[in-house]
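> only geometry, no sequence info:
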């Protein structure tokens, strides 16, 4: 097990109640886990807790058999790379500079970029289909292109674990599929991925396991077919649904129309 | 490379102009002769009066530029100025107090200003910790505004109760200038500034990451709290010393960072050294203008930097938003 969280309970400073309560979560090598749930169910809080960004009220996160608090930021960034959901910068960075930030975790604070760094940047740009855009300024990119830049930056980090926070939020159908196929290929090559998303159907088609969160608690976890049961999903999302099947036999949620 | 050559040319030009102009205008030949060890009044003006003044303006200008660039990354706003965080308010209040109490001597105002700046740094830091973790950029800016407003009010109260003479002195001190420049001032400032300047340049990578925001910076391996602390302390301590030396000279910390980012891109490893030389040259030229426009009266150098700075800045802003 690369990452293992037990009994996570956390609250934002000044928050009225716990944002997550007693959450358990595991991530093994070469595995893609989707963290799903309705808006405000604690997905982002859980992600921040897993990265050690939030002080826990109880529970602990263990990465490679070491409690997360004992990792330095740099060590952790070599192990886990994050693709944030949104990001704004006041300065006009070039795409390849932005991707190059991923290399900061791989070289000493004062050493200049070397051939290995440049190769890693090129590889990441190629994988995310960004080579033609490498000299563009990030503020001139579309939302989807900017998203791919953040994925490329995480790839340049060459970590073994990828956290993706709502990675398909600003992508159209083609780019959405492309991105998740890319994540799937990376997992086949040996990475592990934790994807936070509210898109149940995409999660069901790509993830090995799903964790369904509601009101800060894990309601179900396991294979997509176990988690996406009609009654359970209806209850959590407060809307009647039925379950269909994708071409590869994964469950697909179809919300019912309200004809009343 | 082209930018480096242009900057070197700019620095040389600024220094020559700074040495030549003033109450007694000198020719280029006099300036060169003074360095050749010539005697006479022209040579001693250059060596004893103008050279320390030019060097001090250069060091202070370079420091303010680097502070501006660093703070802009820290608070993630390219319009941030070294005086945004309340240092000028603290220094101004302390200097006004010193004048009101009738403290005299050449070091009274600089020391009081420096002490006031330090007090403001500590207060802003403390206020920014109220929200939990220290130096959250949004809270930091608010803390700076609050401290500035408070010190401004106190200063207005003290000035109201002061004599016309004290009022005038305080006013001129705040507007800034290098008329008190001396070799002692140059050496003390250079020795003092070396450490914070080195710390900021060594933080180039942290500054790159801080400008991305907390979550990306952390996930790219940065200890954000530690990086913020170093950048805040180094730039504030440097700004406080600048105020002590020459009062509040605005816009120096804004123009060069903005212009250099346009030429070199935002990566701080290249940006900060370029900003240091460009800002230094700018302040030397501004000081030369302040000394020569209405000779023999000296305008406060802050007047020049603002008069030049505002249109230049508006132009840059216009271009960057287009």
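Perfect, I can see it now. Small disclaimer: the values here were computed from a predicted structure and weren't measured.
> Can you pull the poorly scored residue ranges out of the stretch 151-260 of chain A?
Regions of the stretch 151-260 of chain A meeting the criterion pLDDT under 70 are absent.
> Now it against chain B: closest residue?
residue A:157 (7.2 Å; CB to the nearest CB). In short, each C-beta sits where N, CA and C put it, glycine included.
> isn't that residue right next to residue A:79, touching?
No. Taking contacts as CB atoms under 8 Å, residue A:157 lies outside contact range of residue A:79: 9.4 Å.
> ok so, going back, quick one: neighbours of the residue of the stretch 151-260 of chain A closest to chain B, just the number.
If you count neighbours by other CB atoms under 10 Å in any protein chain shown, residue A:157 ends up with 26.
> again, but for residue A:141
Per other CB under 10 Å, the neighbour tally for residue A:141 reads 17.
> what's the spacing between it and residue A:148?
Plainly put, residue A:141 is 9 Å away from residue A:148 if you go by CB to CB, to the nearest Å.
> and stretch B:235-248, what's its mean pLDDT?
Stretch B:235-248 shows an average pLDDT of 89 in the prediction.
> go on, stretch B:155-166?
Rounded mean pLDDT across stretch B:155-166 is 85.
> Any buried residues in that stretch, and which?
Residues B:155, B:158-159, B:162, B:166 are the ones in stretch B:155-166 that count as buried (16 or more other CB atoms under 10 Å in any protein chain shown).
> One more: stretch B:257-265?
For stretch B:257-265, the buried set under the neighbour-count rule, 16+ other CB under 10 Å, comprises B:257-261, B:264-265.
> Can you tell me which of the residues you listed lies closest to residue A:250?
Nearest to residue A:250 among the buried residues of stretch B:257-265 is residue B:265, at 45.2 Å by CB to CB.
> Show the contacting residues for that closest one.
A:92-94, A:97, B:271 (CB atoms under 8 Å, 6 or more residues apart in numbering or on different chains).
> Of those, just say which sits nearest to residue B:20.
Nearest to residue B:20 out of the contacts of residue B:265 is residue B:271 (CB to CB; 30.6 Å).
> what's around that closest one, how many residues?
The local packing of residue B:271 (other CB under 10 Å) involves 26 other residues.
> Kindly report the same for the one 5 residues further on.
The burial metric for residue B:276, expressed as a neighbour count using other CB under 10 Å, is 26.
> quick one, what contacts it?
Going by CB under 8 Å, 6+ apart, residue B:276 touches B:62-63, B:65-66, B:197.
> So which residue is dead centre in chain A?
By CA atoms, centre = their mean, chain A has its centre lying nearest to residue A:164, at 1.8 Å.
> So that residue versus residue A:180, what's the distance?
Distance, residue A:164 to residue A:180, using CB to CB: 9 Å.
> list residues touching both of these two?
residue A:195.
> and chain A, which residues reach chain B?
A:13, A:51, A:53, A:72-74, A:76-78, A:80-82, A:84, A:87-94, A:97, A:101-102, A:104-105, A:109-110, A:150, A:153-154, A:157, A:163 (CB under 8 Å from any CB of the partner chain).
> what about burial for the residues you listed, which qualify?
Using 16+ other CB under 10 Å, the buried members of these are A:51, A:53, A:73, A:76-78, A:80-82, A:84, A:87, A:89-94, A:97, A:101-102, A:104-105, A:150, A:153-154, A:157, A:163.
> Now the phi/psi pair for residue B:134, please.
Phi and psi for residue B:134, reported as degrees, to the nearest 10, are phi -70, psi 150.
> hmm, I was thinking of residue B:248
Per-residue torsions, residue B:248: phi -100, psi 110 (degrees, to the nearest 10).
> cool, residue B:223 as well?
When read as degrees, to the nearest 10, the backbone of residue B:223 gives phi -80, psi 90.
> Please report the number of neighbouring residues for it.
Residue B:223: 15 neighbours (other CB under 10 Å).
> For it, which residues are in contact?
Contact partners of residue B:223, counting by CB under 8 Å, 6+ apart, are A:72-74.
> In strands only, show me the contacts of residue B:265.
Counting by DSSP state E, no part of these is found in strands.
> Just name the closest of those to residue B:211, please.
For those, the residue nearest residue B:211 by CB to CB is residue A:93; the value is 8.4 Å.
> From residue B:213, how far off is the closest one?
Here the criterion is CB to CB. By it, residue A:93 lies 13 Å from residue B:213.
> Same check on residue A:222?
Per CB to CB, residue A:222 is found 35 Å from residue B:213.
> So which of the two has more stuff around it?
residue B:213 (18 against 11).
> ok now do the residue nearest to the more buried one when sequence neighbours are not counted, which residues does it touch?
Setting aside the residues directly before and after it, residue B:213 is nearest to residue A:87 in space (CB to CB, 6 or more residues apart in numbering or on different chains), at 6.2 Å. Contacts for residue A:87 were tallied using CB under 8 Å, 6+ apart; they are A:146, A:150, B:212-213, B:215-216.
> swap in residue B:99?
Each residue near residue B:99 by CB under 8 Å, 6+ apart is listed here: B:109, B:162, B:166, B:169-170, B:173.
> any chance you could map the strands in chain A?
A:3-10, A:20-27, A:32-36, A:56-63, A:66-67, A:80-83, A:161-165, A:192-196, A:209-214, A:217-222, A:241-245, A:251-255.
> Would you mind giving the ones you listed as CSV with distance to residue B:305 added?
Shown next, in CSV, are the strands of chain A (distance: least, CB to CB, whole Å):
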stretch, distance to residue B:305
strand A:3-10, 49
strand A:20-27, 52
strand A:32-36, 53
strand A:56-63, 50
strand A:66-67, 53
strand A:80-83, 42
strand A:161-165, 44
strand A:192-196, 49
strand A:209-214, 55
strand A:217-222, 59
strand A:241-245, 65
strand A:251-255, 62
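> Show me which residues of chain B are close to chain A?
B:72-73, B:76-78, B:131-132, B:202, B:205, B:208-209, B:211-213, B:215-216, B:218-224, B:261, B:265-267.
> Of these, which belong to helices?
Judged by DSSP state H, helices contain the following of these: B:72-73, B:202, B:205, B:208-209, B:215-216, B:218-219, B:224, B:261.
> quick one on the thing from earlier: can you list the contacts of residue B:265 in a markdown table and add pLDDT and distance to residue B:300?
Output for those, formatted as a markdown table (pLDDT from 0 to 100; distance: CB to CB, whole Å):
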| residue | pLDDT | distance to residue B:300 |
| --- | --- | --- |
| A:92 | 91 | 34 |
| A:93 | 95 | 38 |
| A:94 | 95 | 40 |
| A:97 | 95 | 40 |
| B:271 | 96 | 29 |
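> now, the most widely separated pair of the residues you listed?
A:94 and B:271 (13.6 Å).
> Report the buried residues of the longest helix along chain A.
Longest helix of chain A, by residue count under DSSP H: helix A:173-188. For helix A:173-188, the neighbour count (16+ other CB under 10 Å) marks A:175-176, A:178-180, A:182-184, A:186-187 as buried.
> Also stretch A:130-149?
Applying 16+ other CB under 10 Å to stretch A:130-149 flags A:130, A:133-134, A:137-138, A:141, A:144-149 as buried.
> CSV for the residues you listed, including pLDDT?
Putting those into CSV (pLDDT from 0 to 100) gives the following:
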residue, pLDDT
A:130, 93
A:133, 95
A:134, 93
A:137, 93
A:138, 92
A:141, 91
A:144, 84
A:145, 89
A:146, 91
A:147, 90
A:148, 91
A:149, 94
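> quick check, nearest of the residues you listed to residue B:7?
Closest approach between these and residue B:7, by CB to CB: residue A:137, at 23.4 Å.
> what's the closest one in contact with, if anything?
Per CB under 8 Å, 6+ apart, neighbours of residue A:137: A:92-95.
> that older thread, and the residues of chain B next to chain A, which are buried?
Buried, going by 16+ other CB under 10 Å: B:72-73, B:76, B:78, B:131, B:205, B:208-209, B:211-213, B:215-216, B:218-222, B:224, B:261, B:265-267, out of the residues of chain B next to chain A.
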